[in-house]
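>>> Dropping the sequence and predicted coords here.
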Amino acid sequence: MEAVRDGCAELSGDGAEHLRRVLRAERGQRFELSDNNRVYLAEIDDFGKGKVRFRVIEEIAAAPPTVGLVLLASLVKFDRFEWMIEKATELSVETIVPVMAGRSDKGLDAAAHKRVDRWRKIAIESSQQSRRTRLPEISDVVSFAKALTAEGDCRFFLEEESGADPILSAIPDRRAAADRVALLVGPEGGWTDEERGEASKAGWRAVSLGPQILRAETAAVAALAVISAAWSARGGER
């Protein structure tokens with residue numbers, strides 16, 4: 001849905017077709033809609049060619065994000081990467097950046113460019129399920145060097161090697177909803193020594209989830225959940 005005007009809204013494209021042909025929606029049925037800024041309760045008023053028109057009943061209060069999360073995720077096999085996108089969206093990640101790391105499977109970067117539209121569709125569906133107000137932004141694939149230029153009040157480099165700080169110990173004592181946290185997650189084969197050195201020089205803090213060996217997508221979701229929970233339980237506002 002693009003916008004609400006004069007108490008009315010219109011849905012077109014795949015969403016409208018899904019309502020009509022799959023859900024077999026009828027006039028008077030109520031649904032939650034978002035214009036990427038707010039969430040509304042609305043009921044179907046009429047159908048048009050490739051369109052569904054709604055009458056807005058009321059705005060629904062949506063919980064604001066607890067922190068601005070940016071996930072920079074090294075490419076892994078696409079079925080698992082898509083699962084990661086779905087769960088990261090549920091966890092209110094604002095931006096998802098696919099990264100071609102040194103140990104990402106060769107050829108994934110070229111194939112990924114054809115998948116970005118599909119990934120955005122997955123994010124839309126996950127946003128609807130989790131009642132998100134705004135859709136996450138999914139960028140095109142970037143190089144590891146480009147990923148290191150991402151900005152954030154905290155920048156965490158997820159590491160499975162010994163010596164990295166536990167992620168909880170890296171959480172600052174004073175946190176605010178306006179903070180931006182960037183999380184960089186490696187591929188299945190882990191980081192190369194060169195990548196570790198580059199990340200350290202660029203000011204990224206190596207953090208660990210513990211001694212368990214986790215799949216890349218599991219590690220990403222676990223770390224995002226920890227960060228989100230920590231900012232939800234923040235003590236003093238900055």
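Looks like it came in fine.
>>> make it CA atoms for all contacts and neighbour counts henceforth
OK.
>>> buried set for the helix ranked longest in the chain?
Longest helix in the chain by number of residues, with DSSP state H as the criterion: helix 216-232. Neighbour counts over helix 216-232 (16 or more other C-alpha atoms under 10 Å) mark 216, 217, 219, 220, 221, 222, 223, 224, 227, 228, 230, 231 as buried.
>>> Remind me what it packs against, helices and strands.
Counting contacts by 3 or more C-alpha pairs under 8 Å, 6 or more residues apart in numbering; DSSP states H and E, the secondary-structure elements packed against helix 216-232 are helix 78-90, strand 180-185.
>>> Tell me which of the ones you listed sits most buried.
Burial among the helices and strands packed on helix 216-232, expressed as mean neighbours by mean count of other C-alpha atoms under 10 Å, is greatest for strand 180-185, which shows a mean of 23.
>>> what is the orientation angle of it with helix 216-232?
160 degrees (axes from the mean of the first three to the mean of the last three C-alpha atoms, to 10 degrees).
>>> tilt between whichever helix or strand comes after strand 180-185 and strand 180-185?
Once strand 180-185 ends, the next helix or strand along the chain (criterion: DSSP states H and E) is helix 193-201. Per the same axes, to 10 degrees, the angle that helix 193-201 makes with strand 180-185 is 170 degrees.
>>> quick one: residue 162 from residue 206, how far?
As for residue 162, its distance to residue 206 is 10 Å (criterion: C-alpha to C-alpha, to the nearest Å).
>>> Who has more neighbours out of these two?
Using other C-alpha atoms under 10 Å, the more surrounded residue of residue 162 and residue 206 is residue 206, with 22 against 10.
>>> and the more buried one, that one's in a helix?
No: when classified by DSSP: H, G, I helix; E, B strand; the rest coil, residue 206 is found to be strand rather than part of a helix.
>>> So what sits opposite the residue lying closest to residue 165 once chain neighbours are set aside in the bridge?
The shortest distance from residue 165 to any non-neighbouring residue, by C-alpha to C-alpha, 6 or more residues apart in numbering, is to residue 207 (4.7 Å). With beta bridges defined as DSSP bridges, residue 207 has these partners: residue 158, residue 165.
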